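Asks: below are the sequence and a predicted model for it; my questions follow.
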Amino acid sequence: MLCPYNNIYKCRLGSHLPSGSPLWRRAAPFGFSSPLRRETRLQGCFTAKWTHRAGVPPVEESDLGGTEPNKPLTVADGFSMNCSFKFIHSLRFILISILVISLVFFHISPADASTNLSVSASNIFRSGVELLQQGNYQQAIVKFTEAINIKKDYAAAYSNRCLANLQLEDYQNAVSDCNQAINKAPENIEAYINRGIAHYRQGNYTAAIEDNNQVLSRQPQDFRAYYNRGVATAALQDYRKAITDYQRALSLVSKTPSYLRADIYNDLGLAKFLLNDYKAATRNFTLAISLNPQSERAYFNRGCTCGKSGDNIGAVKDFSNTVRLNPSNAQAYSNRGIAYHNLGYEQAAISDLQTAALYFDKTGEETAYQKTLGLIKIVQRQIPIIEETV
């Protein structure tokens, strides 16, 4: 007998660039599950997965004071199933960052060579910002580096180069650049936000929390810092404290765009889920869906909660919406197949599990592929038993 639905998707740290992973992205409850008609039950195990989204918007100089593999659960049959939330790599990660463009104004004096150099650095800097907004991160780094070579104390250039490195998942250089930005402009809020994201992605959750504390000590109403701190705190499994931060973020975040609040509700639901408060988790996932009906994560997570609560019909409906939004979500097919099996619809279960295996194979997820093949065999063995008892 396989273990029950255990895991869920999770949010990511990051900023809201045109892609999506600091906030990470994303109906009322459905019916009750029917009684099973056989002895062996396959219950999906869902695993929570934290993801972030990359970085904060470029920093404006005037702002300087001068954003995982699924976690398998063991089952009696030696089989593991995962239920993981996908954070969006721009939060859309769990860290929500705002892209701020740095604009520098100089009084030009033809006789002042240093001023001319500053203007040149500013022009190159603007080119870097444009490249960053276009998603050309490598070339943006080249431009910010040129600007820094001209103007050694260019804090905004360091901060934006940090953001570009975050997008390229070069977290070591991102931290180094943010350190420089903070040294040169200690009140640079965005540098702390970005460094917190980099620390989070390196698995240094304590440092990520400290960076967000620094933001809040300077800007107590910054919802991004509460949200990102909540994500890092949840990674340390202090879910109650994370819930407090998520709730504070919700009290501060603007009602538009609604997907920001949807992402926070999704993470809040995840924390509730991990505290075994499935009713509260379901409410929060439902709120996330109402705010962002295109939220694959919220449907997936609510499906996991339905499965964990024994509502296999609700699980089927939510995983169906998940694959409607993302037809290649192998784990959603796998989880829906398990829910179908629990409802006694073996042919539908086998079809979904075969689809899941196909996608796992295409993406090179060999362990998941082999486990899904094993699960198909378990389901196939139930069909003769059912036919004999009809």
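Replies: Here it is on my side, so go on.
Asks: can you give me the strands for the stretch 201-350 of the chain?
Replies: Using DSSP state E, counting those that start in this stretch, no strands are assigned anywhere in the stretch 201-350 of the chain.
Asks: now tell me which helix or strand of this protein has the poorest mean pLDDT.
Replies: Using mean pLDDT, DSSP states H and E, strand 21-22 stands out as the lowest-scoring helix or strand of the chain, at a mean of 28.
Asks: C-alpha coordinates for the helix ranked longest in the chain, CSV please?
Replies: Among the segments of the chain that qualify as a helix by DSSP state H, the longest is helix 366-389. This file holds the C-alpha atoms of helix 366-389, laid out as CSV (Å, rounded to 0.1, in the frame of the first residue of the first chain):
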residue,chain,number,x,y,z
GLU,A,366,15.2,8.1,-14.7
THR,A,367,14.3,7.4,-11.1
ALA,A,368,10.8,8.8,-11.5
TYR,A,369,10.5,7.0,-14.8
GLN,A,370,11.4,3.6,-13.3
LYS,A,371,9.2,4.2,-10.2
THR,A,372,6.2,5.1,-12.4
LEU,A,373,6.7,1.9,-14.5
GLY,A,374,6.6,0.0,-11.2
LEU,A,375,3.4,1.7,-10.2
ILE,A,376,1.8,0.8,-13.5
LYS,A,377,2.5,-2.9,-12.8
ILE,A,378,0.9,-2.6,-9.4
VAL,A,379,-2.2,-1.1,-10.9
GLN,A,380,-2.3,-3.7,-13.7
ARG,A,381,-2.3,-6.4,-11.1
GLN,A,382,-5.5,-5.0,-9.6
ILE,A,383,-7.6,-5.4,-12.8
PRO,A,384,-8.0,-9.2,-12.7
ILE,A,385,-8.9,-8.9,-9.0
ILE,A,386,-11.6,-6.4,-9.7
GLU,A,387,-13.0,-8.4,-12.6
GLU,A,388,-13.2,-11.5,-10.5
THR,A,389,-15.3,-9.7,-7.8
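Asks: now do that helix: which elements does it pack against?
Replies: Packing partners of helix 366-389 (3 or more CB pairs under 8 Å, 6 or more residues apart in numbering; DSSP states H and E): helix 330-343, helix 346-362. C-beta here means a position set from N, CA and C on the backbone, and glycine is covered the same way.
Asks: next, format these as a markdown table and append mean pLDDT.
Replies: A markdown table is the format used below for those (pLDDT from 0 to 100):
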| stretch | mean pLDDT |
| --- | --- |
| helix 330-343 | 96 |
| helix 346-362 | 96 |
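Asks: residue 289 reaches residue 300, doesn't it?
Replies: No - in this structure residue 289 lies outside contact range of residue 300 using CB atoms under 8 Å: 10.7 Å.
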